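> Build me a model from this:
(2 chains)
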Protein chains: 2
Amino acid sequence: MKVILLGSGNTATVLAKMIVKAEHEVVQVWSRNFDHAKALAAKVRAQPIATLDELSGEADLCIMAVSDAAIPQLAKQLQLRRKVLVHTAGSVSRDVLRNSSPNYGVLYPLQSLRKEMLVIPPVPFLIDGNSDEVNALLEDFAHSLSDNVQFVDDAARLNMHLAAVMVSNFTNHLYALTEDYCKDRNLDFKLLHPLIIEVACRLTQGHAVDMQTGPARRGDEETIKKHLLLLEIDEHLQDLYRELSESIQKLYRKK
Amino acid sequence: MKVILLGSGNTATVLAKMIVKAEHEVVQVWSRNFDHAKALAAKVRAQPIATLDELSGEADLCIMAVSDAAIPQLAKQLQLRRKVLVHTAGSVSRDVLRNSSPNYGVLYPLQSLRKEMLVIPPVPFLIDGNSDEVNALLEDFAHSLSDNVQFVDDAARLNMHLAAVMVSNFTNHLYALTEDYCKDRNLDFKLLHPLIIEVACRLTQGHAVDMQTGPARRGDEETIKKHLLLLEIDEHLQDLYRELSESIQKLYRKK
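Modelled structure (predicted):
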(Lines give C-alpha, C1' and ligand atoms only; values in the text may rest on other atoms or scores of the structure.)
Protein backbone atom coordinates (compact mmCIF):
# COMPACT_ATOMS: atom_id res chain seq x y z
CA MET A 1 0.00 0.00 0.00
CA LYS A 2 1.12 3.58 -0.63
CA VAL A 3 0.88 5.75 2.43
CA ILE A 4 1.20 9.48 3.17
CA LEU A 5 2.13 10.47 6.70
CA LEU A 6 1.05 13.76 8.23
CA GLY A 7 3.10 14.35 11.36
CA SER A 8 6.65 13.67 12.50
CA GLY A 9 6.30 13.00 16.23
CA ASN A 10 6.39 9.80 18.27
CA THR A 11 3.42 8.08 16.64
CA ALA A 12 4.30 9.15 13.09
CA THR A 13 7.91 8.04 13.50
CA VAL A 14 7.13 4.57 14.89
CA LEU A 15 4.31 4.01 12.40
CA ALA A 16 6.63 4.97 9.54
CA LYS A 17 9.09 2.29 10.64
CA MET A 18 6.35 -0.32 11.02
CA ILE A 19 4.91 0.54 7.61
CA VAL A 20 8.24 0.14 5.85
CA LYS A 21 8.96 -3.07 7.73
CA ALA A 22 5.63 -4.48 6.54
CA GLU A 23 6.79 -3.69 2.97
CA HIS A 24 4.39 -0.88 2.28
CA GLU A 25 5.68 2.37 0.87
CA VAL A 26 5.70 5.74 2.63
CA VAL A 27 5.42 8.08 -0.34
CA GLN A 28 5.37 11.45 1.44
CA VAL A 29 5.86 12.95 4.88
CA TRP A 30 4.39 16.31 5.82
CA SER A 31 4.95 18.09 9.12
CA ARG A 32 4.21 21.60 10.40
CA ASN A 33 7.97 21.84 10.74
CA PHE A 34 9.58 21.08 7.37
CA ASP A 35 12.90 20.11 8.94
CA HIS A 36 11.12 17.43 10.96
CA ALA A 37 9.39 16.20 7.81
CA LYS A 38 12.74 15.98 6.07
CA ALA A 39 14.33 14.07 8.93
CA LEU A 40 11.56 11.47 9.10
CA ALA A 41 11.23 11.21 5.31
CA ALA A 42 14.96 10.49 5.04
CA LYS A 43 14.59 7.53 7.40
CA VAL A 44 11.98 5.82 5.24
CA ARG A 45 13.06 7.07 1.77
CA ALA A 46 9.97 9.19 1.33
CA GLN A 47 9.47 12.64 -0.15
CA PRO A 48 9.22 15.40 2.44
CA ILE A 49 6.63 18.04 1.56
CA ALA A 50 6.34 21.55 2.93
CA THR A 51 2.69 22.23 2.09
CA LEU A 52 -0.49 20.21 1.88
CA ASP A 53 -0.97 21.33 -1.75
CA GLU A 54 1.79 18.94 -2.71
CA LEU A 55 -0.04 15.80 -1.55
CA SER A 56 0.49 12.97 -4.02
CA GLY A 57 -2.50 11.60 -5.90
CA GLU A 58 -0.82 8.19 -5.82
CA ALA A 59 -1.42 7.16 -2.22
CA ASP A 60 -4.15 4.82 -0.94
CA LEU A 61 -4.05 5.94 2.64
CA CYS A 62 -3.26 9.20 4.41
CA ILE A 63 -2.44 8.88 8.12
CA MET A 64 -2.78 11.96 10.27
CA ALA A 65 -0.51 11.26 13.25
CA VAL A 66 -0.50 14.62 14.99
CA SER A 67 -1.45 15.68 18.52
CA ASP A 68 -5.14 15.35 19.43
CA ALA A 69 -5.48 19.11 19.67
CA ALA A 70 -4.09 19.69 16.17
CA ILE A 71 -6.46 17.27 14.39
CA PRO A 72 -9.53 19.52 13.81
CA GLN A 73 -7.45 22.37 12.40
CA LEU A 74 -5.48 20.08 10.08
CA ALA A 75 -8.69 18.34 8.96
CA LYS A 76 -10.08 21.68 7.80
CA GLN A 77 -7.11 22.15 5.47
CA LEU A 78 -7.61 18.81 3.73
CA GLN A 79 -9.88 18.10 0.78
CA LEU A 80 -9.13 14.58 -0.42
CA ARG A 81 -11.02 13.09 -3.37
CA ARG A 82 -10.77 9.38 -2.81
CA LYS A 83 -7.86 8.49 -0.46
CA VAL A 84 -8.75 6.99 2.89
CA LEU A 85 -7.94 9.50 5.60
CA VAL A 86 -7.45 8.34 9.21
CA HIS A 87 -6.30 9.89 12.43
CA THR A 88 -4.53 7.96 15.19
CA ALA A 89 -6.05 9.52 18.31
CA GLY A 90 -7.73 7.62 21.13
CA SER A 91 -9.97 10.42 22.29
CA VAL A 92 -11.02 12.19 19.06
CA SER A 93 -14.21 11.26 17.20
CA ARG A 94 -14.05 9.72 13.73
CA ASP A 95 -16.42 12.42 12.54
CA VAL A 96 -13.85 15.19 12.76
CA LEU A 97 -12.67 13.92 9.35
CA ARG A 98 -16.12 13.85 7.74
CA ASN A 99 -15.60 16.88 5.53
CA SER A 100 -12.01 16.11 4.60
CA SER A 101 -12.51 12.93 2.56
CA PRO A 102 -15.40 10.72 1.43
CA ASN A 103 -13.45 7.80 2.95
CA TYR A 104 -12.29 8.26 6.52
CA GLY A 105 -11.76 6.49 9.80
CA VAL A 106 -9.50 5.89 12.77
CA LEU A 107 -6.37 3.80 13.18
CA TYR A 108 -5.56 3.97 16.91
CA PRO A 109 -2.37 2.26 18.10
CA LEU A 110 -3.02 1.18 21.70
CA GLN A 111 0.59 1.44 22.78
CA SER A 112 3.00 4.00 24.18
CA LEU A 113 5.16 4.88 21.20
CA ARG A 114 8.41 6.82 21.38
CA LYS A 115 10.68 7.99 18.59
CA GLU A 116 13.70 6.59 20.39
CA MET A 117 12.39 3.03 20.52
CA LEU A 118 14.94 0.51 19.29
CA VAL A 119 12.57 -2.41 19.57
CA ILE A 120 8.95 -1.88 18.58
CA PRO A 121 6.65 -3.73 21.01
CA PRO A 122 3.38 -5.44 20.00
CA VAL A 123 0.88 -2.74 19.03
CA PRO A 124 -2.85 -3.57 19.13
CA PHE A 125 -4.77 -1.42 16.60
CA LEU A 126 -8.33 -0.24 17.21
CA ILE A 127 -9.88 0.64 13.85
CA ASP A 128 -13.13 2.25 12.70
CA GLY A 129 -14.03 3.29 9.15
CA ASN A 130 -17.05 5.10 7.72
CA SER A 131 -17.92 2.31 5.24
CA ASP A 132 -17.38 -1.39 4.67
CA GLU A 133 -14.79 -0.59 2.04
CA VAL A 134 -12.81 1.64 4.37
CA ASN A 135 -13.07 -0.97 7.13
CA ALA A 136 -11.78 -3.67 4.79
CA LEU A 137 -8.81 -1.53 3.77
CA LEU A 138 -8.01 -0.57 7.39
CA GLU A 139 -8.32 -4.16 8.56
CA ASP A 140 -5.93 -5.40 5.86
CA PHE A 141 -3.47 -2.63 6.55
CA ALA A 142 -3.55 -2.95 10.36
CA HIS A 143 -3.19 -6.73 10.13
CA SER A 144 -0.04 -6.27 8.09
CA LEU A 145 1.41 -4.30 11.02
CA SER A 146 0.00 -6.24 13.99
CA ASP A 147 -1.53 -9.55 15.08
CA ASN A 148 -4.08 -7.72 17.19
CA VAL A 149 -6.71 -5.65 15.37
CA GLN A 150 -10.21 -4.84 16.64
CA PHE A 151 -13.10 -2.76 15.38
CA VAL A 152 -13.98 -0.25 18.09
CA ASP A 153 -16.37 2.71 17.75
CA ASP A 154 -15.82 6.28 19.01
CA ALA A 155 -17.36 5.74 22.46
CA ALA A 156 -15.54 2.49 23.20
CA ARG A 157 -12.27 3.91 21.89
CA LEU A 158 -12.53 6.88 24.23
CA ASN A 159 -13.13 4.49 27.14
CA MET A 160 -10.14 2.41 26.05
CA HIS A 161 -7.99 5.53 25.83
CA LEU A 162 -8.93 6.47 29.38
CA ALA A 163 -8.04 2.93 30.50
CA ALA A 164 -4.69 3.25 28.71
CA VAL A 165 -3.95 6.50 30.54
CA MET A 166 -4.68 4.77 33.86
CA VAL A 167 -2.43 1.75 33.29
CA SER A 168 0.41 3.49 31.47
CA ASN A 169 0.67 7.24 32.13
CA PHE A 170 -0.30 6.94 35.80
CA THR A 171 1.90 3.94 36.50
CA ASN A 172 4.83 5.60 34.74
CA HIS A 173 4.24 8.64 36.94
CA LEU A 174 4.43 6.44 40.04
CA TYR A 175 7.73 5.09 38.71
CA ALA A 176 8.98 8.66 38.13
CA LEU A 177 8.00 9.84 41.62
CA THR A 178 9.59 6.77 43.18
CA GLU A 179 12.78 7.21 41.16
CA ASP A 180 13.00 10.77 42.51
CA TYR A 181 12.30 9.51 46.04
CA CYS A 182 15.11 6.93 45.77
CA LYS A 183 17.54 9.46 44.30
CA ASP A 184 16.91 11.88 47.17
CA ARG A 185 17.77 9.11 49.65
CA ASN A 186 20.74 7.61 47.80
CA LEU A 187 18.87 4.40 47.13
CA ASP A 188 19.36 2.38 43.97
CA PHE A 189 16.07 2.59 42.00
CA LYS A 190 17.33 -0.19 39.72
CA LEU A 191 16.82 -2.63 42.60
CA LEU A 192 13.08 -2.19 41.95
CA HIS A 193 13.16 -3.17 38.25
CA PRO A 194 12.56 -6.90 38.78
CA LEU A 195 9.59 -6.10 41.03
CA ILE A 196 8.07 -3.67 38.53
CA ILE A 197 8.44 -6.14 35.67
CA GLU A 198 7.04 -9.03 37.74
CA VAL A 199 3.89 -7.08 38.68
CA ALA A 200 3.30 -6.04 35.06
CA CYS A 201 4.00 -9.44 33.48
CA ARG A 202 1.94 -11.56 35.81
CA LEU A 203 -1.26 -9.87 34.64
CA THR A 204 -1.18 -12.38 31.80
CA GLN A 205 -1.67 -15.15 34.39
CA GLY A 206 -4.73 -13.86 36.22
CA HIS A 207 -6.71 -10.87 37.41
CA ALA A 208 -5.01 -7.85 38.97
CA VAL A 209 -7.61 -7.78 41.70
CA ASP A 210 -6.47 -11.25 42.89
CA MET A 211 -2.77 -10.33 42.66
CA GLN A 212 -2.96 -7.40 45.08
CA THR A 213 -0.45 -7.53 47.95
CA GLY A 214 0.99 -4.94 50.34
CA PRO A 215 0.15 -3.22 53.62
CA ALA A 216 -3.14 -1.67 52.45
CA ARG A 217 -4.39 -5.03 51.16
CA ARG A 218 -3.39 -6.77 54.43
CA GLY A 219 -4.93 -4.00 56.54
CA ASP A 220 -1.49 -3.47 58.09
CA GLU A 221 -2.10 -0.04 59.64
CA GLU A 222 1.21 -0.12 61.51
CA THR A 223 3.26 -0.20 58.30
CA ILE A 224 1.04 2.39 56.61
CA LYS A 225 1.64 4.71 59.60
CA LYS A 226 5.41 4.21 59.34
CA HIS A 227 5.32 5.04 55.65
CA LEU A 228 3.18 8.14 56.12
CA LEU A 229 5.61 9.34 58.77
CA LEU A 230 8.52 8.91 56.34
CA LEU A 231 6.61 11.07 53.88
CA GLU A 232 6.01 13.93 56.33
CA ILE A 233 8.65 15.96 54.50
CA ASP A 234 6.92 15.39 51.18
CA GLU A 235 3.31 16.38 51.56
CA HIS A 236 2.43 15.73 47.93
CA LEU A 237 3.69 12.15 47.98
CA GLN A 238 2.06 11.64 51.37
CA ASP A 239 -1.33 12.67 49.91
CA LEU A 240 -0.93 10.28 46.99
CA TYR A 241 0.16 7.44 49.29
CA ARG A 242 -2.84 8.01 51.53
CA GLU A 243 -5.32 8.28 48.67
CA LEU A 244 -4.07 5.14 46.91
CA SER A 245 -3.95 3.13 50.15
CA GLU A 246 -7.51 4.17 50.97
CA SER A 247 -8.56 3.27 47.44
CA ILE A 248 -7.12 -0.23 47.87
CA GLN A 249 -8.86 -0.68 51.22
CA LYS A 250 -12.14 0.55 49.76
CA LEU A 251 -11.96 -1.90 46.85
CA TYR A 252 -11.47 -4.93 49.09
CA ARG A 253 -14.07 -3.87 51.63
CA LYS A 254 -16.54 -3.71 48.75
CA LYS A 255 -15.67 -7.19 47.48
CA MET B 1 23.32 -24.79 54.64
CA LYS B 2 20.63 -26.16 56.95
CA VAL B 3 17.66 -23.88 57.30
CA ILE B 4 14.58 -23.73 59.51
CA LEU B 5 11.57 -21.87 58.17
CA LEU B 6 9.07 -20.20 60.45
CA GLY B 7 5.97 -19.38 58.43
CA SER B 8 4.05 -20.95 55.56
CA GLY B 9 2.70 -17.99 53.60
CA ASN B 10 3.76 -16.44 50.29
CA THR B 11 7.30 -15.49 51.31
CA ALA B 12 8.01 -18.72 53.23
CA THR B 13 6.74 -20.86 50.37
CA VAL B 14 8.74 -19.15 47.62
CA LEU B 15 11.87 -18.98 49.79
CA ALA B 16 11.55 -22.69 50.57
CA LYS B 17 11.55 -23.49 46.86
CA MET B 18 14.52 -21.19 46.19
CA ILE B 19 16.47 -22.70 49.09
CA VAL B 20 15.99 -26.26 47.87
CA LYS B 21 16.80 -25.25 44.31
CA ALA B 22 20.09 -23.76 45.55
CA GLU B 23 20.87 -27.17 47.12
CA HIS B 24 20.51 -26.13 50.72
CA GLU B 25 18.37 -28.18 53.06
CA VAL B 26 15.14 -27.05 54.70
CA VAL B 27 15.22 -29.12 57.89
CA GLN B 28 12.03 -27.94 59.58
CA VAL B 29 8.96 -25.86 58.88
CA TRP B 30 6.92 -24.33 61.67
CA SER B 31 3.66 -22.43 61.21
CA ARG B 32 0.97 -21.15 63.55
CA ASN B 33 -1.28 -23.48 61.63
CA PHE B 34 0.20 -27.01 61.76
CA ASP B 35 -1.64 -28.14 58.62
CA HIS B 36 0.02 -25.33 56.68
CA ALA B 37 3.41 -26.34 58.11
CA LYS B 38 2.77 -29.92 57.00
CA ALA B 39 1.75 -28.85 53.50
CA LEU B 40 4.85 -26.70 52.95
CA ALA B 41 7.20 -29.21 54.63
CA ALA B 42 5.94 -31.94 52.29
CA LYS B 43 6.89 -29.84 49.27
CA VAL B 44 10.53 -29.53 50.35
CA ARG B 45 10.97 -32.84 52.25
CA ALA B 46 11.32 -31.10 55.60
CA GLN B 47 9.99 -31.97 59.04
CA PRO B 48 6.87 -30.06 60.01
CA ILE B 49 6.85 -29.03 63.67
CA ALA B 50 3.87 -28.00 65.75
CA THR B 51 5.70 -26.13 68.52
CA LEU B 52 8.81 -23.98 68.77
CA ASP B 53 10.19 -26.34 71.48
CA GLU B 54 10.93 -28.83 68.74
CA LEU B 55 13.39 -26.57 66.87
CA SER B 56 16.34 -28.59 65.64
CA GLY B 57 19.80 -27.84 67.05
CA GLU B 58 21.23 -28.76 63.65
CA ALA B 59 20.33 -25.72 61.59
CA ASP B 60 22.62 -22.80 60.71
CA LEU B 61 19.92 -20.34 59.87
CA CYS B 62 16.38 -19.76 61.08
CA ILE B 63 14.22 -17.61 58.74
CA MET B 64 11.17 -15.97 60.20
CA ALA B 65 8.92 -15.36 57.18
CA VAL B 66 5.71 -14.26 58.87
CA SER B 67 3.58 -11.13 58.55
CA ASP B 68 5.18 -7.89 59.79
CA ALA B 69 2.67 -7.64 62.60
CA ALA B 70 3.43 -11.17 63.89
CA ILE B 71 7.21 -10.71 64.13
CA PRO B 72 7.53 -9.10 67.62
CA GLN B 73 5.27 -11.69 69.25
CA LEU B 74 7.07 -14.61 67.61
CA ALA B 75 10.49 -13.13 68.48
CA LYS B 76 9.52 -13.16 72.18
CA GLN B 77 8.92 -16.90 72.02
CA LEU B 78 12.36 -17.67 70.60
CA GLN B 79 15.55 -18.22 72.56
CA LEU B 80 18.21 -19.43 70.17
CA ARG B 81 21.74 -20.20 71.38
CA ARG B 82 23.83 -19.80 68.29
CA LYS B 83 21.77 -20.07 65.09
CA VAL B 84 21.46 -16.98 62.95
CA LEU B 85 17.92 -15.68 63.18
CA VAL B 86 16.54 -13.36 60.46
CA HIS B 87 13.21 -11.90 59.54
CA THR B 88 12.17 -11.05 55.99
CA ALA B 89 10.23 -7.82 56.54
CA GLY B 90 10.89 -4.54 54.76
CA SER B 91 9.49 -2.27 57.42
CA VAL B 92 10.54 -3.95 60.71
CA SER B 93 13.77 -3.06 62.50
CA ARG B 94 16.55 -5.60 62.84
CA ASP B 95 16.54 -4.97 66.57
CA VAL B 96 13.24 -6.70 67.18
CA LEU B 97 15.30 -9.93 67.16
CA ARG B 98 17.97 -8.71 69.61
CA ASN B 99 16.78 -10.80 72.56
CA SER B 100 16.00 -13.91 70.54
CA SER B 101 19.49 -14.88 69.40
CA PRO B 102 23.05 -13.62 69.78
CA ASN B 103 23.23 -13.71 65.96
CA TYR B 104 20.49 -11.95 64.10
CA GLY B 105 19.68 -9.88 61.08
CA VAL B 106 17.39 -9.26 58.14
CA LEU B 107 17.01 -11.02 54.80
CA TYR B 108 14.52 -8.90 52.85
CA PRO B 109 13.44 -10.17 49.42
CA LEU B 110 12.59 -7.08 47.35
CA GLN B 111 10.02 -8.79 45.19
CA SER B 112 6.30 -9.55 45.16
CA LEU B 113 6.18 -13.24 46.04
CA ARG B 114 3.12 -15.45 45.68
CA LYS B 115 2.68 -19.10 46.61
CA GLU B 116 1.14 -19.84 43.23
CA MET B 117 4.17 -18.64 41.24
CA LEU B 118 5.23 -21.17 38.64
CA VAL B 119 8.29 -19.19 37.61
CA ILE B 120 10.28 -17.46 40.31
CA PRO B 121 11.42 -14.01 39.08
CA PRO B 122 14.79 -12.42 39.97
CA VAL B 123 14.73 -11.52 43.67
CA PRO B 124 17.13 -8.82 44.95
CA PHE B 125 17.97 -9.43 48.63
CA LEU B 126 18.63 -6.60 51.08
CA ILE B 127 20.59 -7.98 54.03
CA ASP B 128 21.75 -6.66 57.39
CA GLY B 129 23.38 -8.66 60.19
CA ASN B 130 24.40 -7.69 63.73
CA SER B 131 28.05 -8.73 63.24
CA ASP B 132 30.63 -9.36 60.53
CA GLU B 133 30.14 -13.11 60.95
CA VAL B 134 26.39 -12.87 60.51
CA ASN B 135 26.86 -10.57 57.51
CA ALA B 136 29.27 -13.04 55.92
CA LEU B 137 26.85 -15.92 56.38
CA LEU B 138 23.88 -13.91 55.07
CA GLU B 139 25.86 -12.68 52.08
CA ASP B 140 26.92 -16.22 51.15
CA PHE B 141 23.43 -17.54 51.60
CA ALA B 142 21.68 -14.71 49.71
CA HIS B 143 24.19 -14.97 46.86
CA SER B 144 23.37 -18.64 46.48
CA LEU B 145 19.73 -17.59 45.84
CA SER B 146 20.22 -14.40 43.84
CA ASP B 147 22.67 -12.40 41.72
CA ASN B 148 21.61 -9.19 43.43
CA VAL B 149 22.50 -8.80 47.12
CA GLN B 150 23.04 -5.50 48.94
CA PHE B 151 23.74 -4.51 52.54
CA VAL B 152 21.04 -2.08 53.61
CA ASP B 153 20.38 -0.81 57.14
CA ASP B 154 17.02 -0.43 58.89
CA ALA B 155 16.35 3.14 57.76
CA ALA B 156 17.27 2.58 54.12
CA ARG B 157 15.33 -0.70 54.04
CA LEU B 158 12.18 1.05 55.30
CA ASN B 159 12.60 3.67 52.56
CA MET B 160 13.08 0.93 50.00
CA HIS B 161 9.97 -0.86 51.26
CA LEU B 162 7.95 2.31 50.82
CA ALA B 163 9.33 2.68 47.29
CA ALA B 164 8.35 -0.94 46.57
CA VAL B 165 4.79 -0.27 47.73
CA MET B 166 4.61 2.72 45.37
CA VAL B 167 5.82 0.89 42.25
CA SER B 168 4.15 -2.47 42.85
CA ASN B 169 1.09 -2.31 45.14
CA PHE B 170 -0.11 1.03 43.79
CA THR B 171 0.46 0.16 40.14
CA ASN B 172 -1.25 -3.22 40.60
CA HIS B 173 -4.17 -1.34 42.13
CA LEU B 174 -4.38 0.88 39.04
CA TYR B 175 -4.43 -2.30 36.93
CA ALA B 176 -7.21 -3.73 39.13
CA LEU B 177 -9.35 -0.59 38.94
CA THR B 178 -8.85 -0.41 35.17
CA GLU B 179 -9.73 -4.09 34.73
CA ASP B 180 -13.00 -3.41 36.59
CA TYR B 181 -13.61 -0.32 34.47
CA CYS B 182 -13.13 -2.31 31.25
CA LYS B 183 -15.34 -5.17 32.47
CA ASP B 184 -18.18 -2.77 33.27
CA ARG B 185 -17.99 -1.41 29.71
CA ASN B 186 -17.50 -4.74 27.89
CA LEU B 187 -13.99 -3.78 26.84
CA ASP B 188 -11.21 -6.32 26.53
CA PHE B 189 -8.66 -5.51 29.27
CA LYS B 190 -6.20 -7.91 27.64
CA LEU B 191 -5.75 -5.36 24.83
CA LEU B 192 -3.83 -3.30 27.41
CA HIS B 193 -1.27 -6.00 28.33
CA PRO B 194 1.32 -5.03 25.69
CA LEU B 195 1.12 -1.41 26.81
CA ILE B 196 1.49 -2.30 30.49
CA ILE B 197 4.50 -4.52 29.79
CA GLU B 198 6.12 -1.93 27.51
CA VAL B 199 5.87 0.83 30.14
CA ALA B 200 7.35 -1.44 32.82
CA CYS B 201 10.15 -2.92 30.71
CA ARG B 202 11.45 0.28 29.20
CA LEU B 203 12.51 1.55 32.61
CA THR B 204 15.66 -0.46 32.03
CA GLN B 205 16.47 1.89 29.12
CA GLY B 206 16.19 5.25 30.80
CA HIS B 207 14.52 7.35 33.48
CA ALA B 208 10.79 7.19 34.08
CA VAL B 209 10.62 10.97 34.25
CA ASP B 210 11.81 11.18 30.62
CA MET B 211 9.43 8.43 29.46
CA GLN B 212 6.26 10.20 30.57
CA THR B 213 3.58 10.55 27.88
CA GLY B 214 -0.18 11.19 27.94
CA PRO B 215 -2.63 14.09 28.14
CA ALA B 216 -1.42 15.43 31.51
CA ARG B 217 2.18 15.49 30.30
CA ARG B 218 1.18 17.26 27.07
CA GLY B 219 -1.03 19.73 28.93
CA ASP B 220 -3.95 18.50 26.81
CA GLU B 221 -6.80 19.89 28.93
CA GLU B 222 -9.40 19.00 26.31
CA THR B 223 -8.72 15.25 26.62
CA ILE B 224 -8.50 15.43 30.40
CA LYS B 225 -11.94 17.09 30.44
CA LYS B 226 -13.40 14.34 28.23
CA HIS B 227 -12.00 11.66 30.54
CA LEU B 228 -13.28 13.35 33.69
CA LEU B 229 -16.72 13.58 32.09
CA LEU B 230 -16.64 9.83 31.36
CA LEU B 231 -15.87 9.24 35.03
CA GLU B 232 -18.82 11.31 36.31
CA ILE B 233 -20.59 8.09 37.25
CA ASP B 234 -17.59 6.86 39.21
CA GLU B 235 -16.63 9.59 41.62
CA HIS B 236 -13.85 7.59 43.24
CA LEU B 237 -12.05 6.89 39.98
CA GLN B 238 -12.64 10.50 38.93
CA ASP B 239 -10.88 11.73 42.10
CA LEU B 240 -7.91 9.44 41.47
CA TYR B 241 -7.71 10.48 37.82
CA ARG B 242 -7.76 14.16 38.78
CA GLU B 243 -5.19 13.76 41.56
CA LEU B 244 -2.75 11.77 39.41
CA SER B 245 -3.11 14.11 36.45
CA GLU B 246 -2.44 17.10 38.69
CA SER B 247 0.54 15.31 40.17
CA ILE B 248 1.99 14.77 36.68
CA GLN B 249 1.45 18.42 35.76
CA LYS B 250 3.01 19.53 39.02
CA LEU B 251 6.12 17.41 38.46
CA TYR B 252 6.79 18.83 35.00
CA ARG B 253 6.07 22.43 36.00
CA LYS B 254 8.71 22.01 38.69
CA LYS B 255 11.34 20.61 36.29
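> which SSE is the residue of chain A most remote from its centre in?
Within chain A, A:Glu222 marks the point farthest from the mean C-alpha position, 39.0 Å out by C-alpha atoms, centre = their mean. Using DSSP states H and E, A:Glu222 sits within helix A:221-230.
> A:His236 too?
For A:His236, the host element (DSSP H and E) is helix A:235-254.
> Give me the buried positions along that helix.
A:237-238, A:240-241, A:243-245, A:247-249, A:251 (16 or more other C-beta atoms under 10 Å in any protein chain shown). Placement of C-beta: from N, CA and C, glycine included.
> elements contacting that helix?
helix A:170-184, helix A:215-218, helix A:221-230, helix B:170-184, helix B:235-254 (3 or more C-beta pairs under 8 Å, 6 or more residues apart in numbering or on different chains; DSSP states H and E).
> how about those helices, which one is nearest A:Asn130?
helix B:170-184 (25.9 Å; C-beta to C-beta).
> and the next element down the chain from the closest one?
Sequence order places helix B:193-201 as the next helix or strand after helix B:170-184, per DSSP H and E.
> Please see if that next one touches chain A.
Yes: for helix B:193-201 and chain A, the contact criterion (C-beta under 8 Å from any C-beta of the partner chain) is met by B:193-201.
> after that helix, next one along is what?
helix B:208-211.
> and the stretch 1-150 of chain A, which residues reach chain B?
Contact residues (C-beta under 8 Å from any C-beta) of the stretch 1-150 of chain A with chain B: A:10, A:67-69, A:91, A:110-112, A:114, A:121-124, A:126, A:148, A:150.
> Return the subset of those lying in helices.
Judged by DSSP state H, the residues of the stretch 1-150 of chain A next to chain B include A:Asn10 as members of helices.
> which residues touch A:Met64?
A:6-7, A:71, A:74-75, A:85-88, A:97 (C-beta atoms under 8 Å, 6 or more residues apart in numbering or on different chains).
> Apply 7 Å and report the result again.
Neighbouring residues of A:Met64 by C-beta atoms under 7 Å, 6 or more residues apart in numbering or on different chains: A:6-7, A:71, A:74, A:85-88.
> and what of A:Ile63?
A:3, A:5-6, A:15, A:86, A:88, A:107.
> my read is it is in a helix, agree?
No: assessed with DSSP: H, G, I helix; E, B strand; the rest coil, A:Ile63 is strand; it does not lie in a helix.
> Just list whatever residues bridge to it.
Applying DSSP bridges to A:Ile63 yields these beta-bridge partners: A:Leu5, A:Val86.
> And it, how far from B:Ala50?
Look at A:Ile63 and B:Ala50: by C-beta to C-beta, to the nearest Å, they are 69 Å apart.
> what do you get for A:Leu229?
38 Å.
> now swap in A:Lys38 and tell me
A:Lys38 sits at a distance of 77 Å from B:Ala50 (criterion: C-beta to C-beta).
> okay, those two: which has more neighbours?
A:Lys38 (17 against 12; other C-beta atoms under 10 Å in any protein chain shown).
> where's the more buried one, which helix or strand?
Applying DSSP H and E as the criterion places A:Lys38 in helix A:34-43.
> what's that helix packed up against?
If contacts are counted by 3 or more C-beta pairs under 7 Å, 6 or more residues apart in numbering or on different chains; DSSP states H and E, helix A:34-43 sits against helix A:10-21, strand A:25-30, strand A:47-49.
> go with 6 Å
Applying 3 or more C-beta pairs under 6 Å, 6 or more residues apart in numbering or on different chains; DSSP states H and E, one finds that helix A:34-43 contacts strand A:25-30, strand A:47-49.
> Now the last one: buried residues?
When you say that, I think you mean strand A:47-49. Buried, per 16+ other C-beta under 10 Å, within strand A:47-49: A:48-49.
> Need the contact partners of that strand.
By C-beta atoms under 6 Å, 6 or more residues apart in numbering or on different chains, the surrounding residues in contact with strand A:47-49 are A:28-30, A:37-38, A:41.
> Now with 7 Å, please.
Residues contacting strand A:47-49 (C-beta under 7 Å, 6+ apart): A:27-30, A:34, A:37-38, A:41.
> And for stretch A:95-110?
Stretch A:95-110 is contacted from outside by A:11, A:63, A:71-72, A:75, A:78-80, A:82-90, A:94, A:123-131, A:134, A:138, A:142, A:157, A:160, A:164, B:191, B:195, using C-beta under 7 Å, 6+ apart.
> Can you give me the buried ones in it?
A:96-97, A:100-101, A:103-110.
> Which of the residues you listed fall in strands?
Among those, DSSP state E puts A:103-109 in strands.
> Reformat the residues you listed as JSON lines; add distance to B:Ala208 and pLDDT.
Shown next, in JSON lines, are those (distance: C-beta to C-beta, whole Å; pLDDT from 0 to 100):
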{"residue": "A:Asn103", "distance to B:Ala208": "40", "pLDDT": "98"}
{"residue": "A:Tyr104", "distance to B:Ala208": "37", "pLDDT": "98"}
{"residue": "A:Gly105", "distance to B:Ala208": "34", "pLDDT": "98"}
{"residue": "A:Val106", "distance to B:Ala208": "29", "pLDDT": "98"}
{"residue": "A:Leu107", "distance to B:Ala208": "28", "pLDDT": "98"}
{"residue": "A:Tyr108", "distance to B:Ala208": "24", "pLDDT": "98"}
{"residue": "A:Pro109", "distance to B:Ala208": "21", "pLDDT": "98"}
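> Which member of those is positioned nearest chain B?
A:Pro109 (9.7 Å; C-beta to the nearest C-beta).
> Low-confidence ranges, chain A, go.
Where chain A drops to pLDDT under 70, the residues are A:255.
> Leaving out the residues flanking it, which one is nearest to A:Leu110?
In this structure, A:Leu110 finds its nearest non-sequential neighbour in A:Pro124, 4.5 Å apart by C-beta to C-beta, 6 or more residues apart in numbering or on different chains.
> Please tell me how far the closest residue to A:Val20 other than its chain neighbours sits from A:Ala37.
Distances taken as C-beta to C-beta, 6+ apart place A:Val44 nearest to A:Val20, at 4.9 Å, with adjacent residues excluded. As judged by C-beta to C-beta, A:Val44 and A:Ala37 stand 11 Å apart.
> who's more crowded, these two?
A:Ala37 (24 against 20).
> Now for the more buried one: which residues touch it?
Per C-beta under 7 Å, 6+ apart, neighbours of A:Ala37: A:8, A:29-31, A:48-49.
> Likewise for A:Leu177?
A:237, B:166.
> and if you look at A:Gln150?
By C-beta under 7 Å, 6+ apart, the contact list for A:Gln150 reads A:126, B:191.
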